[in-house]
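[1] requesting a structural model of the entry that follows:
(chains A and B)
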Number of protein chains: 2
Amino acid sequence: MKRVSFIDLGSNSVRFVIIEINDNGSYQLIYQQKESIRLSENMWEKNRLTEEAIERAILTLKGFAHMAEAMDSHEIYAVATAAVRLAKNGDDFIRIVKERTGIDLECIDGSEEAFLGFLGVVNTIGLEDFILFDLGGASIEITLVNNRKVKQSVSLPMGALTLTGKFQKGEEMSDKERKTLLSYIQEILGKEKWLKNKQLPLVGIGGTVRNLAKIDQRAHNYPIAKLHNYELTYERLDEIYDMVCDKTLEQRRKIAGLSVERADIIIAGTALIRELMQFVDANTIRVSGCGLRDGMFYRYYGQHYMNPSGIIDNILTHSAENVLLGMVQCDLIHAKYITNLMTMLYDQWNAQYQWGDRMRELIQVAALLHDLGKSINYYGHARHSAYLIVNSNLYGLSHREQAICAFIAANSHGANNKFIKSSPYGHLLSIEDKAMLTQVSLMLALAEAIDESHEQSAVLVDTDFNDKTITITVWKKPGGNTSMAEVVINKLIKQCKKDFKKNLIVEWREAL
Amino acid sequence: MKRVSFIDLGSNSVRFVIIEINDNGSYQLIYQQKESIRLSENMWEKNRLTEEAIERAILTLKGFAHMAEAMDSHEIYAVATAAVRLAKNGDDFIRIVKERTGIDLECIDGSEEAFLGFLGVVNTIGLEDFILFDLGGASIEITLVNNRKVKQSVSLPMGALTLTGKFQKGEEMSDKERKTLLSYIQEILGKEKWLKNKQLPLVGIGGTVRNLAKIDQRAHNYPIAKLHNYELTYERLDEIYDMVCDKTLEQRRKIAGLSVERADIIIAGTALIRELMQFVDANTIRVSGCGLRDGMFYRYYGQHYMNPSGIIDNILTHSAENVLLGMVQCDLIHAKYITNLMTMLYDQWNAQYQWGDRMRELIQVAALLHDLGKSINYYGHARHSAYLIVNSNLYGLSHREQAICAFIAANSHGANNKFIKSSPYGHLLSIEDKAMLTQVSLMLALAEAIDESHEQSAVLVDTDFNDKTITITVWKKPGGNTSMAEVVINKLIKQCKKDFKKNLIVEWREAL
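    You can find the predicted model right below:
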């Protein structure tokens, strides 16, 4: 086991994480801290970091260095972005940081910054082609991603803090100021012709976009406290933009979802994102809670544990296995056996009922993680598994898909309608979704029931459908006792009748 | 690590559990199954178990024996109660079970049955003096408990199944039949003068009382899917009794919360409980989800790991530590250090604010378990800890107290009002409760903040109160860096101002 620390020193805030990597290669965040130190404050007149800003940074970095040491993390990777990059005294600052905190701070250029943000996103958001932006305090990195590879990227020296400083003189932004701001943004964006009308989904990193998503969630009473992968439409962004422009600073400080320390710079940040959406002609933004610091981790993890690219092939499987391996009670062999057994059934039933390939992936995730909840309490473990599925770091799933996986797991020992009814995730699913879920869940419940004794004696299953009956033939290893399995299967017959309008017969045969 | 199986073969149902005991002495349920095999069905004319009932039992027990073997549990303890005890062919049955399943079934007498039920309850419900009853299919055990010791007990040969068989000829119970039933119960109870008007709280075990609690919960949309420790009042029991008497069997099968296979025997069972409440003059019943099988486990655990009595001294601390030790990510040393630091603060602040001794115990449990949620996800770990606290096997807490512990944990890094607002457990707390919780939570958040770096450098804390200011002096080991702690403490100053109307100052001093 080892613990590695990563620091991302931005122009507005600094982030610090410690990630524990276990001997089996699984990993998890064990500490994080974020401070709004505003390193770039008052630097733009002379393009120099001020004494005060440097002192704030040193104090915080000293604390992080101490914390890493205290938590037994002896490797620290730290990068600095736009503020240090653009400051004339950036090199001095790096030297002072080394002297006073011991941290080797690396000032990265815009393309590396863009690449690390890309790595953080490509490994945690399940899209192949998209435009990524990372809007910080003093710069925005925009990256065109095709087939999960960086096609082109640019770092533009405008951010939420610098645009505010440049175009907003008082606490509010006048109409005239706003007009100048918009023309300025349009002029700079206009030069990036490779982005024009790309019509790809946008993925956004950074405090501004996270805050916009939170405002939207709070305005709609969104039932889930989760930002990563949240979708924000252009219409809503536009409404929020109008709202923040219309309010005074004092009023903005009270907007639900907007953090107090961002109330002053939210207008310029929102304007930039809005212009970008128009420019690339995107309807929605996917918010990413993962960014540069995660990219730093994946680069490290790739180099030491996986492949040098740092890009995970299948993020859904990878993250599901990572969650599983991090749990004490996990029984990986049982989980994988059930997943395979369930998949065999699914392929046979899907030929009749056509639920599709994506559902096949979702039910596989649910199968892999269906027993996680036993680590909380055996009683109710199916619904505890559902809780863990929606709250663990499972990547490559939209919120709706997370709900689907959770509900399939909740149904893994038979339909659990009460849970689906009471869970806040129920809001994300339509009535048709729920009916389909109840159907596909039966395959997982059947796989569980067939291997009730955890002996893995079934070697093959075959399903035969006719007008009135579904007959499953289970070929099992010779010997053994199937009475417990039969008891549990009997409880599913009624569910089959209800959801498929057919009798269910399970026949046992001995394989050679 | 070893796994031990326990079987409780009752007159109505048979229960099977496998419990895993770790090398560190912590334990958890890893498998359970319950079958309604109705061993006593049709036995009362000749007082003999029927061939059919025996076959059903053998088939199920064979499955359990196989399951235990498959799950690597090589010790099975199995007891049979009233049906086998009262059947003329009980000995034959035990011999057949041994021959055909390999299980050594032990037929226990009424006082042992009562004692095991007592052990299951005394270790999982935090009462000192109470009257326990275990209402099964063919008998009821009633036990008077004083100071957590059995004072007297009796096993009466009447149960939900036998009373139904004896007094209810058709699917419904006629008024006349009911009258006869009630006189019969009154006559039998009347002989137990040591129970008359005891006015102690009743604790109930068994399917009947569990079903009554479920009916009550469903009727009130009770927000929590948990029966253990649920309180059912006499008024509600009486209403439910009237309701089940008024309905036909077909209608009873549709009562929300009542299991279909119990719809036929619920009237007699409810009548018996109602008469018992009147006889001992109890206002409420505490429902216990733990019973005989848990008692069997605690007897075993006491003999092999603890003390021969099988009675745990402090069930709250014991179960909290058991939950903690069962979690992979637990850091027992940090958890105990934070608990001690928090307790020191609590005692100083409690002298001013008088929250009391029970709150001291509750906040200690919250402190011990406040970091559990990190095993789910670092982000949001305080609310994950809250989820784990209400869903783990934590004993000695009422549902309201579980909510209190959960909310304190949710506040362990500062007030989390959103969580308290959205959690179903919020329904259990009054506005005053919530205000008090926010106050006491600050002590845990402060303890956490003081040891932010997990170095345990604080050796003593002292609090001084004056009109405007609360000053905490932290005596810490020489050296070290308190900047991270200060960052986190700063975030709590606002909360202190809001909840205590005072400034908060933390001063650091070096101890020798």
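[2] C-terminal to the top helix by length along chain A, what's the next element?
    Ranked by residue count under DSSP state H, the longest helix found in chain A is helix A:332-353. Sequence-wise, the next helix or strand downstream of helix A:332-353 (DSSP states H and E) is helix A:357-369.
[3] buried set for the longest helix of chain A?
    Residues A:334-335, A:337-339, A:341-346, A:348-350 are the ones in helix A:332-353 that count as buried (16 or more other C-beta atoms under 10 Å in any protein chain shown). All C-beta atoms are positioned from the backbone trio N, CA, C, and that covers glycine.
[4] for the helix or strand of chain A with the lowest mean pLDDT, buried residues please.
    The weakest-scoring helix or strand in chain A, judged by mean pLDDT, DSSP states H and E, is helix A:417-422 (a mean of 78). Of all the residues in helix A:417-422, those buried under the rule 16+ other C-beta under 10 Å are A:419-420.
[5] domains for chain A, by residue range?
    A:2-108, A:112-291, A:316-510 (the TED database).
[6] flag every residue of the stretch 251-400 of chain A that's near chain B.
    For the stretch 251-400 of chain A, the residues found near chain B under the criterion C-beta under 8 Å from any C-beta of the partner chain are A:289, A:326-328, A:374-380, A:383-384, A:387-388, A:391-393.
[7] of these, grab the buried ones for ChimeraX.
    To isolate the buried subset of those in ChimeraX, counting by 16+ other C-beta under 10 Å, use the following:
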select /A:289,326,327,374,375,376,377,378,379,380,383,384,387,388,391,392,393
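[8] give me the subset of the residues of the stretch 251-400 of chain A next to chain B lying in helices.
    A:383-384, A:387-388, A:391.
[9] what number of residues lie near residue A:500?
    17 (other C-beta atoms under 10 Å in any protein chain shown).
[10] please apply the same query to residue A:319.
    21.
[11] secondary structure element holding it?
    helix A:315-325.
[12] what helices or strands is that helix leaning on?
    helix A:332-353, helix A:357-369 (3 or more C-beta pairs under 8 Å, 6 or more residues apart in numbering or on different chains; DSSP states H and E).
[13] residues of the shortest one that come out buried?
    Looking back up the chat, that one is helix A:357-369. Applying 16+ other C-beta under 10 Å to helix A:357-369 flags A:359, A:361-369 as buried.
[14] starting at the chain centroid, how far to stretch A:316-326?
    Chain-centre distance of stretch A:316-326: 13 Å, with C-alpha atoms, centre = their mean, to the nearest Å.
[15] and what of stretch A:457-473?
    On C-alpha atoms, centre = their mean, the centre of stretch A:457-473 falls 38 Å from the chain's centre.
[16] same question for stretch A:66-77.
    The chain centre lies 26 Å from the centre of stretch A:66-77; the measure is C-alpha atoms, centre = their mean.
[17] in a markdown table, list the helices and strands packed on helix A:315-325 along with distance to residue A:192 and mean pLDDT.
    Below are these laid out as a markdown table (distance: least, C-beta to C-beta, whole Å; pLDDT from 0 to 100):
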| stretch | distance to residue A:192 | mean pLDDT |
| --- | --- | --- |
| helix A:332-353 | 44 | 94 |
| helix A:357-369 | 34 | 93 |
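[18] pipe those into TSV and attach distance to residue A:304 per row.
    Output for the helices and strands packed on helix A:315-325, formatted as TSV (distance: least, C-beta to C-beta, whole Å):
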stretch	distance to residue A:304
helix A:332-353	22
helix A:357-369	25
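[19] out of the ones you listed, which gets nearest to residue A:245?
    Evaluated over the helices and strands packed on helix A:315-325, closeness to residue A:245 peaks at helix A:357-369, with 39.8 Å, by C-beta to C-beta.
[20] now do that closest one against helix A:332-353, angle only.
    150 degrees (axes from the mean of the first three to the mean of the last three C-alpha atoms, to 10 degrees).
[21] ok, residues contacting helix A:357-369?
    Under the criterion C-beta atoms under 8 Å, 6 or more residues apart in numbering or on different chains, residues A:316-317, A:320-321, A:323-324, A:335-336, A:338-339, A:342-343, A:346-347, A:350, A:385, A:388-389, A:392, A:394, A:397, A:401, A:404-406, A:408-409, A:412, A:436, A:440-441, A:443-444, A:447 lie in contact with helix A:357-369.
[22] could you check the pLDDT of the closest residue to chain B within the stretch 101-250 of chain A?
    Nearest to chain B in the stretch 101-250 of chain A, going by C-beta to the nearest C-beta, is residue A:225, at a distance of 6.5 Å. We have a pLDDT of 77 for residue A:225.
[23] that one and residue B:383 touch, don't they?
    Yes - shown here, residue A:225 and residue B:383 form a contact pair, counting by C-beta atoms under 8 Å, at 7.5 Å.
[24] follow-up on the earlier one: ok, which pair from the buried residues of helix A:357-369 is furthest apart?
    Using C-beta to C-beta, the buried residues of helix A:357-369 span at most 15.9 Å, a distance reached by A:359 and A:369.
[25] and residue A:44, helix, strand or coil?
    Secondary structure for residue A:44, judged by DSSP: H, G, I helix; E, B strand; the rest coil, is coil.
[26] the nearest residue to it once chain neighbours are set aside in helix, strand or coil?
    Spatial nearest neighbour of residue A:44, chain neighbours left out: residue A:165 (5.9 Å); criterion: C-beta to C-beta, 6 or more residues apart in numbering or on different chains. Using three-state DSSP, the structure places residue A:165 in helix.
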